[in-house]
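Colleague: sequence first, predicted model second:
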Amino acid sequence: MKQKAMEWKRVALEATRAKRFINHEFRQVSARSAFVTKPYIKGSSGLNIVKLARKIVREKEKEMGSISKPHVVVIPSPVQGHIKTMLKFAKLLHYKGLHITFVNTEFNHNRLLRSGGLHAVDDLPGFHFDTIPDGLPPSDIDATQDIPSLCDAMNKKFLAPFTDLLLKLKNTVSENNPPITCVVADPFAPFSIKAGEEVGLPVVMYATVNACGYMGCKQLYALREKGFTPIKDLSNLSNDYLETKVDCAPGMKDVRLKDFPFIQTTDPDEVVFNFVIGAAETSVKARAIALHTFDALEPEVLDGLSTIFPRVYSIGPLQLLLNQIEENGLKSIGYNLWKEDRSCLQWLDTKEPKSVVYVNFGSITVMTAAQLVEFAMGLANSKISFLWIIRPDLVTGESAVLPAEFAETENRSFITSWCPQEEVLNHPAVGGFLTHSGWGSTIESLCAGVPMVCWPFFADQAMNCRYSCNEWGVGMEIDNNVKREGVEMLVKELMEGGEGEKMREKAMEWKRLAEEAAGPKGTSSINLDKFIHEIISSNNPVQGHIKTMLKFAKLLHYKCLHVTFVNTEFNHKRLLRSRGADALDDLPGFHFRTIPDGLPPSDLDATQDIPSLCDAMNKNFLAPFKDLLLKLKNTVSENNPPITCIVADPFAPFSIKAGEEVGLPVVMYAIVNACGYMGIKQLYALREKGFAPIRAIKQDIAAYISQEKTL
């Protein structure tokens, strides 16, 4: 099939390679008669005009090249894991030809500078950074900001500066700042939806979490309505209440109350709990949602999400998708808010294959000093070598102090504050991962084929832990009330036991499936292209007809014809919204005009109802189009030569009658192919022969239309 497709490509190129041009000489007669066109085949004057036209077109295309590039504004939720994943996704979009403006808070932008150097986020061609304030008081730049305060700020303080930034970008279109096509937002940056509405931009979502984690967040509203949460009695936090099975989440099975995000609260006004409910409910207003997962990993949950969102795409694992491309200058853009200690990789080089357990509880998890000691002694007593990441803010309210007896691990341990995690997980010496079950860490471990011991802290981590242990067969869970004996036992089983070996085999199977999904023909690669099409077409109604007719009009203009392109007022506004206020300003010899469609107001971010449009074309379009033609006929000038002809879409049939009434010839350009148009042309004959409309009941239609009949 690929060979055949390449052959058709060659034939198509041959068909469009001109062997002979019919050029048009422009001869100015008078100001009143403007330009008269005289077709001819040869002549130096005509040849020079064509050369000049081609030169003008080439210069204009060069000048407008970046301005015509789709431009997306990408905004993550302002915490490490979300920023890292959204930066990876933004790099993929940039590689696919989109212009990127990546928006961080000022606080996080400064942290990226500190971790990667002063030039780590310098603007690169087509990839720019911008910032908004978070409205929070100054805090430790080496620590994650307080999560409840961040959630409260996103609800109250992010909308105005983000809206202002979008307006600034919209109103300052230039070669380095093309018109904004779309906003790509983290679902946990819910202010982005309102900002898009206020500025007139479509919003699509990229969830940095997986399908089961996001479905868990989406079900919190239903759980609250059913009275499961907030927890009404403190005793329910310690008895079997949280083991209650929940079956209201589409596509999810064997999940318990305790597996849902933020469920363990007794306060109905708890900030983070209510923020997540609001964000999940707001996200359904987005045109589409993509998630950092792949089809084979969560098929049932993805199907469940498809009953909630109009368009759902799985696009992951991102790193495997990035591994297939040349990042070039984008490699200088790092992902971490902490400076990485790369010396741990040299330490790992000295260890035997699969002999080291990697320990990292992520960027937000905190623990008590007592819990730190239990983990430390469990690791020490296991006698397994380990690489442990201890952030400066890991222990609540104090510094991390390890017990004196922990010193005996010196020759088989490496402790640092941050590391290049994906390189560590893929190092041959690493055989297991003691993790908080954040989704970024979980999917990176799956991609490396590394099994896990899970100690979830909050958010989606409990759900990730549940699926890692029960559905995917790659994890074992440590009790929340951590004890050194439990840590020792599970680490030994992970690294040396039979169960650990089974989990390792399963993890390698998931690694293979992840690589398959991210391959050139894999589901995630295909979904990435679909999602980009969603972005590019998000502002174009009846996309195919307008897009194709605009391309044809450009060809006619290039051949020295003066073009007046007529859209409905509704579609013209949508084009302005997608390309910028000045994008459709008249160019020499190429003008836009509009007619009303006679329909009531509708959503500017959605295609109009097709039956209503068809009815309107039959009833409402003829009069305004004829009036426009008469106006153009009666106001001839240098910028409006006499009309020669109407070039119409066959599916704008009112144009024939208008041409007859105004005395202008009409030719058609069909945006469909010959077989498609022939199929439509035969509908009358099918109706006359009784084949259509189909009279069968619904369940018989598929069988009826599959029959072969001779007309």
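Modeller: Arrived safely.

Colleague: what distance do you get for residue 562 to residue 112?
Modeller: Applying Cβ to Cβ, to the nearest Å, the value for residue 562 to residue 112 is 51 Å. Where you see a C-beta, it was placed from the backbone N, CA and C, and this is true even at glycine.

Colleague: domain assignment for the protein?
Modeller: For the chain, the TED database gives the domain ranges 65-211+273-324, 342-517, 541-671.

Colleague: surely residue 598 meets residue 619?
Modeller: Yes: contact between residue 598 and residue 619 holds when scored by Cβ atoms under 8 Å: they sit 7.2 Å apart.

Colleague: could you dump the domains of the chain into JSON lines with mean pLDDT added?
Modeller: Converted to JSON lines, the domains of the chain look like this (pLDDT from 0 to 100):
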{"stretch": "domain 65-211+273-324", "mean pLDDT": "92"}
{"stretch": "domain 342-517", "mean pLDDT": "95"}
{"stretch": "domain 541-671", "mean pLDDT": "81"}
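
Colleague: I'd like those written out as TSV, with distance to residue 217 and mean neighbour count added.
Modeller: Below are the domains of the chain laid out as TSV (distance: least, Cβ to Cβ, whole Å; neighbours: other Cβ atoms under 10 Å):
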stretch	distance to residue 217	mean neighbour count
domain 65-211+273-324	4	20
domain 342-517	7	19
domain 541-671	24	16
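
Colleague: export these to CSV and append columns for distance to residue 526.
Modeller: Converted to CSV, these look like this (distance: least, Cβ to Cβ, whole Å):
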stretch, distance to residue 526
domain 65-211+273-324, 9
domain 342-517, 9
domain 541-671, 19
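
Colleague: which one of those lies nearest to residue 691?
Modeller: Of all these, domain 541-671 sits nearest to residue 691, with 21.5 Å by Cβ to Cβ.

Colleague: how far off centre is the closest one?
Modeller: Remark: domain 541-671 is offset 32 Å from the chain centroid, using Cα atoms, centre = their mean, to the nearest Å.

Colleague: ok, now stretch 384-394?
Modeller: 33 Å.

Colleague: and the residue lying closest to residue 298 once chain neighbours are set aside, what is it in contact with?
Modeller: Leaving out its chain neighbours, the residue that sits closest to residue 298 by Cβ to Cβ, 6 or more residues apart in numbering is residue 211, at 4.2 Å. The neighbours of residue 211, taking Cβ atoms under 8 Å, 6 or more residues apart in numbering as the test, are 251, 291, 293, 298, 301-302, 304-305, 314.

Colleague: filter those residues down to the ones in strands?
Modeller: Among these, the residues falling in strands (DSSP state E) are 291, 314.

Colleague: okay if I get the contacts of residue 211 as a markdown table plus distance to residue 278?
Modeller: Shown next, in a markdown table, are these (distance: Cβ to Cβ, whole Å):
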| residue | distance to residue 278 |
| --- | --- |
| 251 | 23 |
| 291 | 19 |
| 293 | 23 |
| 298 | 24 |
| 301 | 22 |
| 302 | 23 |
| 304 | 21 |
| 305 | 18 |
| 314 | 25 |
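
Colleague: which one of the contacts of residue 211 is nearest to residue 284?
Modeller: Using Cβ to Cβ, the contacts of residue 211 come closest to residue 284 at residue 305, 10.4 Å.

Colleague: wait, doesn't that closest one sit right on residue 249?
Modeller: No: look at residue 305 against residue 249 with Cβ under 8 Å: they stay out of range, at 10.0 Å.

Colleague: mutual contacts of these two, please.
Modeller: 215, 218.

Colleague: tell me the secondary structure at the residue most central in space within the chain.
Modeller: For the chain, the residue sitting closest to the mean C-alpha position, by Cα atoms, centre = their mean, is residue 206 at 4.5 Å. Using DSSP: H, G, I helix; E, B strand; the rest coil, the structure places residue 206 in strand.

Colleague: and it, what does it touch?
Modeller: 86, 89, 184-186, 289-292, 315.

Colleague: helix/strand/coil for residue 102?
Modeller: Using three-state DSSP, the structure places residue 102 in strand.

Colleague: coming back round to it: in helices only, show me the contacts of residue 211.
Modeller: Mapping those onto helices (DSSP state H) picks out 301-302, 304-305.

Colleague: among those, which one lies nearest to residue 359?
Modeller: For the ones in helices among the contacts of residue 211, the nearest to residue 359 is residue 301 (28.8 Å; Cβ to Cβ).

Colleague: from residue 574, how far out is the closest one?
Modeller: 34 Å.

Colleague: ok so, going back, compare the domains of the chain and give me the one nearest residue 242.
Modeller: domain 342-517 (9.8 Å).

Colleague: circling back: what's across from the residue nearest to the centre of the chain in the sheet?
Modeller: Counting by DSSP bridges, residue 206 forms beta bridges with residue 290.

Colleague: what number of residues lie near residue 521?
Modeller: 7 (other Cβ atoms under 10 Å).

Colleague: surely it is in a helix?
Modeller: No: Residue 521 sits outside any helix when classified using three-state DSSP, being coil.

Colleague: OK, contacts around it?
Modeller: Under the criterion of Cβ under 8 Å, 6+ apart, residue 521 has no neighbours.

Colleague: so how far is residue 205 from it?
Modeller: 26 Å.

Colleague: and stretch 471-491, how far apart are its ends?
Modeller: 21 Å (Cα to Cα, to the nearest Å).

Colleague: residue ranges for the strands of the stretch 101-250 of the chain, please.
Modeller: Secondary structure of the stretch 101-250 of the chain by DSSP state E, counting those that start in this stretch: the strands cover 127-132, 180-185, 203-207, 245-246.

Colleague: what mean pLDDT does the last one get?
Modeller: On average, the pLDDT along strand 245-246 is 88.
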